[in-house]
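Engineer: Provided below for reference: sequence and predicted model.
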Amino acid sequence: MFMLLAIFRRLINVGTLRVIDPTGNIHVIEGTAEPDLTIRYHDNGIVRRMLLNPSMALGEGYMDGRITIENGQIYELLALLSLNLRDKGHYGFHKFTAALDMLSRRIQQYNPAGRSKQNVAHHYDLSGELYELFLDSDLQYSCAYFEDPENDIETAQLHKKRHLMAKLLPEKGQKVLDIGSGWGGLGLYIAKHSGAVVTGVTLSEEQHKISNDRARKQGMANQAEFHLRDYRDQQGLFDRIISVGMFEHVGVGHFGQFFSQMDRLLAKNGVALLHTIGRTEPPSTTDPWIRKYIFPGGYIPALSEIMPKIERSGLMVTDIECLGLHYAETLKQWQIRFRKNRDRVKEIYDERFCRMWEYYLSGSEVSFRYLGLTVFQIQMTKRAGIVPMTRTYIAEAEKALDQMADEKSERAA
């Protein structure tokens, strides 16, 4: 316990952390007065693991009830630690461990088609009801767009779809490919509001079924069709290509393959749009707890890892926007909904699952709010002159979409 307390004393300048050791003794590490949190370690084994692999130990310790927060939520503890890590100028206890992890990251992120499907199933083929309990009614499982911080999640997700469509510039009769089409909400929105014909591809059997069911129920089966297919197996030529929240599952060793395939599938005068979580710091590795429990095979890229692959593919970047705090607000609202429906989640799964997802959602929010994660929206074409010269067209297209559709009816759909 002595060594762990020494680390905390060196770390904590912001807030006050009270640590209760397995014998019941209270140790106070004082920085500023607020926030003031108390963490209890219930056994010596979890204390020792915190010294060896703090990220994994904290996550698993919280999941298993071996670590508890006595006067707050797990989010508050992670926020306190993150504020101090940020102010120290680094984002982890063990840089040496992270450096070793870098040596094996291509193995960690080796995602051939079969393995990619298994990784997707691990997260996205959970109970459909789980996602209904904390996402918006359209099941948008990616960063929302908060034009007003006071917007609810339904409005912000609608505005996200509108913002993406404004950048994609789809037109009636054009062919649109949605790579990683989720539960179909974005593809259906694009088809409905532009008149384009949308093809969606996903590796999730649950999402594939729900997407096509939704298309049939909305009378749009001839205009929006979703396939259980790896993006590498897609054929044809498309006027527009969009990918939202999927690139994080590609793996750093497959980035070149991804953009080369996008280049092959995109028409000469086409527009492509990539929406992905990214990091504002240099390339790193996936947090070991996230890699094990939430997104096996996943990786959040730095822009310096993405751009060279785009440049070599034949595509050219025409616009980049960063939306990190938008995702922090999105995750905040997801957590509120998750806590509201926690009893039902526990009925579907169990207490350990609830604590796992609380840790995941809380850790994700603090990462976007304090630790340098962001969202990149990268627009690409094959040559200059395909999109307007100034960005005013985005706001103009959004205004036109507002006039086209009654947003209240959209939120109720």
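Structural biologist: Thanks, I have it.
Engineer: make it CA atoms for all contacts and neighbour counts henceforth
Structural biologist: Fine.
Engineer: quick one: low-confidence ranges for the chain?
Structural biologist: Where the chain drops to pLDDT under 70, the residues are 88-125, 405-413.
Engineer: Hmm, S243 is touching L273, no?
Structural biologist: Yes - at 6.4 Å, S243 counts as touching L273 under the criterion of CA atoms under 8 Å.
Engineer: So if I had to pick from those two, which one is more boxed in?
Structural biologist: L273 (24 against 20; other CA atoms under 10 Å).
Engineer: outside of the helix or strand hosting the more buried one, which residues touch it?
Structural biologist: Per DSSP states H and E, L273 falls inside strand 266-279. With contacts defined as CA atoms under 8 Å, 6 or more residues apart in numbering, strand 266-279 is touched by 164, 167-169, 237-248, 262, 300-303, 372-383, 386-387.
Engineer: how long is stretch 174-184 end to end?
Structural biologist: Length of stretch 174-184, first residue to last, CA to CA, to the nearest Å: 18 Å.
Engineer: how far does that stretch sit from the chain's center?
Structural biologist: Put simply, stretch 174-184 sits 18 Å off its chain's centre (CA atoms, centre = their mean, to the nearest Å).
Engineer: got the buried residues for it?
Structural biologist: Q174, K175, V176, L177, D178, I179, G180, S181, G182, W183, G184 (16 or more other CA atoms under 10 Å).
Engineer: and what of stretch 66-82?
Structural biologist: Buried, per 16+ other CA under 10 Å, within stretch 66-82: 66-69, 74-82.
Engineer: in the stretch 251-400 of the chain, which spans are strands?
Structural biologist: 266-279, 316-322, 373-381 (DSSP state E, counting those that start in this stretch).
Engineer: So for V201, which of those strands sits nearest?
Structural biologist: Within these, the stretch nearest V201 is strand 266-279; the backing value is 14.8 Å (CA to CA).
Engineer: just how off-centre is that closest one within its chain?
Structural biologist: Counting by CA atoms, centre = their mean, strand 266-279 comes out at 17 Å from the chain centroid.
Engineer: which of the residues in it are buried?
Structural biologist: Those would be L266, A267, G270, V271, A272, L273, L274, H275, T276, I277, G278, R279, for strand 266-279 by 16+ other CA under 10 Å.
Engineer: Put the alpha carbons of it into CSV.
Structural biologist: In CSV, the C-alpha atoms belonging to strand 266-279 read as follows (Å, rounded to 0.1, in the frame of the first residue of the first chain):
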residue,chain,number,x,y,z
LEU,A,266,-15.5,6.2,-55.2
ALA,A,267,-16.5,7.6,-58.5
LYS,A,268,-14.3,10.2,-60.3
ASN,A,269,-16.5,13.1,-59.1
GLY,A,270,-17.4,11.5,-55.8
VAL,A,271,-17.2,12.7,-52.2
ALA,A,272,-16.2,10.6,-49.3
LEU,A,273,-16.6,11.4,-45.6
LEU,A,274,-14.9,9.7,-42.6
HIS,A,275,-16.2,10.3,-39.1
THR,A,276,-13.9,8.7,-36.5
ILE,A,277,-12.7,9.0,-33.0
GLY,A,278,-9.1,10.2,-32.9
ARG,A,279,-6.3,11.3,-30.6
